[in-house]
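J.: The amino acid sequence is not available; the structure is as follows:
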């Protein structure tokens, strides 16, 4: 199996986009199925954003400083997705805004994926080359093993912040 970082991220994107399509095709009265699909989305996106934020983006930022603005934009796009994922995690499929919030998440992440794959990945591949991408991919695979599978909840985050400030 390839450890090329871009290949690994594209594999994640493929899984995420399939889950999005499955949600969109589930139909209006498929509450249970939609709930299961959103649970899967949350896990896929939480792991994916973790490995990008913890490994890929910092390494690209270090090795290709000319892509700094792109990396910063990607961090912000992930932040928006993280907020939506956290809110969806706390909701039930029957909640009034569940489908709408999921649709906004799908639109936002789909745009991010399209931008990454069509613009950013080619620049990164050209700038880093095969060896560096394989090393970064190996680091990402290690990070994937310890990645959270669900978002940090505000109450847990508040306890952490309170403990640090005490």
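T.: Received, thanks. Computed from a predicted model, the values in this text were never measured in an experiment. Residues are numbered from 1 along each chain as shown.
J.: Per-residue confidence at residue 53, what does it come out as?
T.: Taken from the predicted model, the pLDDT recorded for residue 53 is 94.
J.: Give me the buried stretch members for stretch 127-144, please.
T.: 128, 132-134, 136-137, 139-140, 143-144 (16 or more other CB atoms under 10 Å). Yep, even glycine has a C-beta here, placed from its N, CA and C like the rest.
J.: Work out the gap between the strand or helix carrying residue 129 and the centre of the chain.
T.: According to DSSP states H and E, residue 129 maps onto helix 121-146. Averaging C-alpha positions (CA atoms, centre = their mean, to the nearest Å) puts helix 121-146 16 Å from its chain's average.
J.: Quick one: mean pLDDT over that helix.
T.: Mean predicted lDDT for helix 121-146 stands at 96.
J.: Kindly report the same for stretch 83-93.
T.: Averaging pLDDT along stretch 83-93 yields 92.
J.: and that stretch, which residues are buried?
T.: In stretch 83-93, counting by 16+ other CB under 10 Å, buried: 84-86, 88-89, 93.
J.: Then stretch 105-119?
T.: 105-106, 109, 112-113, 116.
J.: how about the closest residue to residue 134 other than its chain neighbours, phi and psi?
T.: Leaving aside its chain neighbours, residue 134 sits nearest to residue 3 (5.0 Å; criterion: CB to CB, 6 or more residues apart in numbering). Taking degrees, to the nearest 10, you get phi -110, psi 10 for the backbone angles of residue 3.
J.: give the contact list for residue 3.
T.: In this structure, residue 3 makes contact with 134, 137-138, 141, judged by CB atoms under 8 Å, 6 or more residues apart in numbering.
J.: One more: residue 94?
T.: Here residue 94 is in contact with residue 31 (criterion: CB under 8 Å, 6+ apart).
J.: Would you mind giving the secondary structure of it?
T.: Following DSSP: H, G, I helix; E, B strand; the rest coil, we place residue 94 in the coil state.
J.: that older thread, looking at the buried residues of stretch 83-93, which two lie furthest apart in space?
T.: Pairwise distances across these (CB to CB) peak at 16.4 Å, for the pair 86 and 93.
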